[in-house]
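>>> Generate a structure from the sequence data that follows.
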Amino acid sequence: MMVRMLNKSDLIIPDWPAPSNVHAIQTTRQGGFSDAPFESLNLGAHVQDHLITVVKNRQLLDQFVPAEPVWLNQVHGTNVIDAALSSCVQDADASFTTQSNVVCVTMTADCLPVLLCDKQGTAVSAIHAGWRSLCDGVIENAVLAMGLKAEDVLAWLGPAIGPDAFEVGAEVRQAFIEKDANATQAFRPHADKWLANLYLLATQRLNNVGIKAIYGGGDCTYSYPERYFSFRRDGMTGRMATMIWLAKPSSD
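Below you'll find the predicted structure:
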């Protein structure tokens, strides 16, 4: 078992113009206790890693977050929950909050993590945008649940499988095109299949609801095995976490 304290250098801090009370971090696969094939900061309790090791890995996050993240049972659907009202591990693929020190989180290993906040710093959301949930409207549902004006919303796209690695069948392409004809721009032919651009597909969906301020994108989980977990690359692997919360106002 690896033994190494999680350092800030093991994390990604989103580069976006979020207000000062909006805090967010993205984990990598580095800085935890798990053995191969989950080495080392696996945060997923459903991937056949030892549960006690996953618990220890999650405890390493305590130094960076104000409370235990509100973990979800992600089912590739479109359900969005209010993280402040969650009392158990609910079936959902997005959460939001307007309360301070409530940590929204999504776990990924190729799927696209999307963070949302508003310019006033009154609400945040973390979204698990795998192709199924993305196609079926999880982003739109999260924006609706937050109850914000689209022009006030910022989005950050985290590490996901890139457009040169995400091979899909014609049925996936068709499913997106049926929802939005512009989705044709996000697919390139590849032998008898297609290469899909999750970043572009998510950007299109965000644009469709009026969100234009979009940041991040570009880091391919499949292409950097030393830094990121990738289910498509490795099959049995760990999960990374993307977290966002509203900091409690200072008493000063």
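
>>> ok, now which ones touch Ile127?
Neighbouring residues of Ile127 by Cβ atoms under 8 Å, 6 or more residues apart in numbering: 93-94, 106, 113-116, 138-139, 142. In short, each C-beta sits where N, CA and C put it, glycine included.

>>> one more time with 10 Å, if that's ok
By Cβ atoms under 10 Å, 6 or more residues apart in numbering, Ile127 lies in contact with 78, 80, 93-96, 104, 106, 111-116, 133-134, 138-139, 141-143, 155, 157-158, 202, 242, 244.

>>> same deal with Asp234?
37-38, 109-110, 222, 225.

>>> Verify the stated contact: Phe96 with Gly147.
Yes. Taking Cβ atoms under 10 Å as the definition, Phe96 is a contact partner of Gly147 at 9.1 Å.

>>> more crowded one of the two?
Set side by side, Phe96 and Gly147 show more neighbours around Phe96, with 27 against 11, by other Cβ atoms under 10 Å.

>>> and the more buried one, what does it touch?
Neighbouring residues of Phe96 by Cβ under 10 Å, 6+ apart: 80-84, 102, 104, 116-117, 123-127, 141-148, 244.

>>> and the spatially most central residue of the chain, what element?
For the chain, the residue nearest the mean C-alpha position is Pro113 (2.0 Å; Cα atoms, centre = their mean). Here Pro113 sits within strand 112-118, counting by DSSP states H and E.

>>> Just the C-alphas of that strand, formatted as CSV.
The C-alpha trace of strand 112-118 is given here as CSV (Å, rounded to 0.1, in the frame of the first residue of the first chain):
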residue,chain,number,x,y,z
LEU,A,112,-16.9,15.0,-18.2
PRO,A,113,-17.1,16.8,-14.9
VAL,A,114,-18.8,20.2,-15.2
LEU,A,115,-18.9,22.8,-12.5
LEU,A,116,-21.3,25.8,-12.5
CYS,A,117,-21.5,28.9,-10.4
ASP,A,118,-23.0,32.3,-10.7
